[in-house]
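S.K.: just the structure for this:
(chains A and B)
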2 protein chains.
Amino acid sequence: MADKNNEIEIEIESTDQVGIREVATNTDDLTDAFGSVGGASTSSYHNNSYGSGAIGQLANSNGYGSSASSYHKYVAKMVTDRHAAEYNMRHKHRGMAIIFNHEHFDVPTLKSRAGTNVDCENLSRVLKQLDFDVTVHKDCRYKEILGAIEYAASQNHEDNDCILVAILSHGEMGYIYAKDMQYKLDNIWSLFTANHCPTLAGKPKLFFIQACQGDRLDAGVTMQRGRTETDGDSSMSYKIPIHADFLIAYSTIPGFYSWRNTTRGSWFMQSLCAELAANGKRLDMLTLLTFVCQRVAVDFESCTPDTPEMHQQKQIPCITTMLTRILLFSDKQKAPAGRV
Amino acid sequence: MADKNNEIEIEIESTDQVGIREVATNTDDLTDAFGSVGGASTSSYHNNSYGSGAIGQLANSNGYGSSASSYHKYVAKMVTDRHAAEYNMRHKHRGMAIIFNHEHFDVPTLKSRAGTNVDCENLSRVLKQLDFDVTVHKDCRYKEILGAIEYAASQNHEDNDCILVAILSHGEMGYIYAKDMQYKLDNIWSLFTANHCPTLAGKPKLFFIQACQGDRLDAGVTMQRGRTETDGDSSMSYKIPIHADFLIAYSTIPGFYSWRNTTRGSWFMQSLCAELAANGKRLDMLTLLTFVCQRVAVDFESCTPDTPEMHQQKQIPCITTMLTRILLFSDKQKAPAGRV
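M.R.: Have a look, this model is predicted:
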């Protein structure tokens, strides 16, 4: 399938990895072999626990897309020209948006999340304005979450632009909480890789997570105005990595608290909804999320005067992107009456 | 310093974190206390090993900016209006670009990285074209790397737009290799947080890493054209989180190989340099990096026919951003003759 004579790499390659022996490489010879892999090398990391960060979790996908499946050939329908600058957002439907809203928990140490329903209603409203087909799941157990995700991944997304999943819950380093137990985010997103969900291949797969990633605090730094400061190509087919086109927007950086106002909702969801409402069809996703980061970073500060060590703290969201094109939610025609 | 009556959150807050007891919260009362923190809670994660991903490493910063320092007050000079859309790139100098180029290693299992000098020369050239003050460090031991970083962090960056650090080396999950040993990326970037390096507060801090993050392979999915498919506000001061304004661009996702052509250099650095050269002063950084991801994802595929399990594999870079404004390297006046 790959266009070997044009844009695909055809010379010898090395991986920047320990333990790979390079055999008789001659960099001037196009047909030289790469080398050989040490016997135990390709599986040595698979049992490690390396899914602890927002994106550390990306690796821990239960062997999906691992070297074990290297020999399979996956084919999906091309939805965008190979070098198109923008994602194709002209499908019949925008796509599914699935919100998991967690207020109450069975786990004794987890208190109810006052304010989360405000987040959920705001997010649901702005996503509908952006033409998403929104479904809200309230206080699900892990098996119910997995069931809803498996159902979504099994659907035919051929007529959809993209998919969006939002999770509003408690969390700690590497884990998010369902009503009954903790789980890793990779258990969710890994079901949507291009090999598992071919009708979403080449389309944006967006994940928005409001949850703590630890218990560290960011005391911030005050920016003070200085006295004199005034500054204000296409072919018939091409191959993509199965992990391309994901975006994971986490409310906070790994190891840190994520703040929620019990009346107005979390800082991150307040900011995200405000930006989506104001600029959702005007700015591309990464620019929009940059301004979400700005809102959270400069407009919010904790106010807990009776708990001095928690008082006047700051937060910065953490956006991880594997998107390969500009993502813009342009206007969409109303769906036909017969839409399922 | 914070403008409490205007944009700063003044109501009760909760953190989405386990183990925080909420005491007598009344969400309708502006002066209600947040609650109290369990005794051991604020330090329970500090000794965990949670720095294993590209961004998992963000958390593991040796207590910098942790709750232990919550009571300190840090003040830095405001370099941009609070709600400016773009970073201020009109300082006298663009800033330092420090490249750590690793070809040979003392660690016996690490083979020499053929092709890295091509990467280094390309990157150095395009960064100079973007007006960076480029320094290259070749085959440094860890102590030398740390020394160079500490020196850079101790400098006065008041007249600089930003800082950029690039590392070209071997790596594995959570670690990068110096000539003599492995280290965590957070040991590097944590020296530049706004509290440690106030003259870079509010300015972009950019990290580009070419290294493996594991030994998994992405077999990719082929995108095939369907037969009928035709689609083609400012105040005198404001506070920011000390972890804001970082960007970490990793050549690959956590757990996966990163590919390097022994003649032409790594896929990621080839793509990054091509984009910076073509669009470095025309596109904002996140759009530019989106196209770097596109180049790596669609234009490259491994060619190791004698090692079938490594053959025809794909790669996707992983961009993690805490930037709060649009970053554009616009044209810069030539520095005065007396520039150091």
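
S.K.: and the residue nearest in space to the middle of chain A, backbone torsions?
M.R.: Centroid-nearest residue in chain A: residue A:248, 1.9 Å away (criterion: C-alpha atoms, centre = their mean). Note on residue A:248: its backbone torsions stand at phi -120, psi 110 [degrees, to the nearest 10].

S.K.: after the least confident helix or strand in chain A by mean pLDDT comes which helix or strand?
M.R.: Using mean pLDDT, DSSP states H and E, the weakest-scoring helix or strand in chain A turns out to be strand A:36-37, at a mean of 28. Note on strand A:36-37: by DSSP states H and E, the next helix or strand toward the C-terminus is strand A:75-77.

S.K.: partner strands of that following strand, with direction?
M.R.: Strand pairing for strand A:75-77, determined by DSSP bridges: strand B:221-224 (parallel).

S.K.: check which element follows the partner strand along the chain.
M.R.: Toward the C-terminus, strand B:221-224 is succeeded by strand B:237-240 as the next helix or strand (DSSP H and E).

S.K.: quick one: list the elements packing against that next one.
M.R.: Judged by 3 or more C-beta pairs under 8 Å, 6 or more residues apart in numbering or on different chains; DSSP states H and E, strand B:237-240 is in contact with strand A:221-224, helix A:285-299. To be clear about C-beta, it is placed using only N, CA and C from the backbone, and glycine gets the same treatment.

S.K.: need those in TSV with mean pLDDT and mean neighbour count, can you?
M.R.: Listed next are these as TSV, based on pLDDT from 0 to 100; neighbours: other C-beta atoms under 10 Å in any protein chain shown:
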stretch	mean pLDDT	mean neighbour count
strand A:221-224	82	22
helix A:285-299	96	24
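
S.K.: and the pLDDT at the residue nearest to the centre of chain A?
M.R.: For residue A:248, the model assigns a pLDDT of 95.

S.K.: from chain B, how far off is it?
M.R.: Going from residue A:248 to chain B by C-beta to the nearest C-beta, to the nearest Å gives 9 Å.

S.K.: that residue against residue A:209, yeah?
M.R.: Yes - using C-beta atoms under 8 Å, residue A:248 is in contact with residue A:209, at 7.0 Å.

S.K.: any stretches of the stretch 101-250 of chain A with poor pLDDT?
M.R.: The stretch 101-250 of chain A contains residues with pLDDT under 70 at A:226-236.

S.K.: where do the helices sit along it?
M.R.: Secondary structure of the stretch 101-250 of chain A by DSSP state H, counting those that start in this stretch: the helices cover A:116-129, A:142-154, A:186-189.

S.K.: how about these, which one is nearest chain B?
M.R.: Between chain B and the helices of the stretch 101-250 of chain A, the shortest gap by C-beta to the nearest C-beta is with helix A:116-129, which sits at 8.8 Å.

S.K.: what's the closest one packed up against?
M.R.: Helix A:116-129 packs on strand A:96-101, strand A:133-138, strand A:163-168, strand A:265-266, helix A:267-279, going by 3+ C-beta pairs under 8 Å, 6+ apart.

S.K.: one more pass at 10 Å, please.
M.R.: strand A:96-101, strand A:133-138, strand A:163-168, strand A:205-210, strand A:259-261, strand A:265-266, helix A:267-279 (3 or more C-beta pairs under 10 Å, 6 or more residues apart in numbering or on different chains; DSSP states H and E).

S.K.: save these as a markdown table, and put in mean neighbour count and distance to residue A:179 too.
M.R.: As requested, these are arranged in a markdown table below (neighbours: other C-beta atoms under 10 Å in any protein chain shown; distance: least, C-beta to C-beta, whole Å):
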| stretch | mean neighbour count | distance to residue A:179 |
| --- | --- | --- |
| strand A:96-101 | 22 | 10 |
| strand A:133-138 | 16 | 9 |
| strand A:163-168 | 25 | 12 |
| strand A:205-210 | 26 | 16 |
| strand A:259-261 | 28 | 18 |
| strand A:265-266 | 28 | 18 |
| helix A:267-279 | 22 | 19 |
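
S.K.: and of the ones you listed, who's closest to residue B:141?
M.R.: With C-beta to C-beta, the closest approach to residue B:141 among those belongs to strand A:205-210: 38.6 Å.

S.K.: how many neighbours does residue A:331 have?
M.R.: Using other C-beta atoms under 10 Å in any protein chain shown, residue A:331 is surrounded by 8 other residues.
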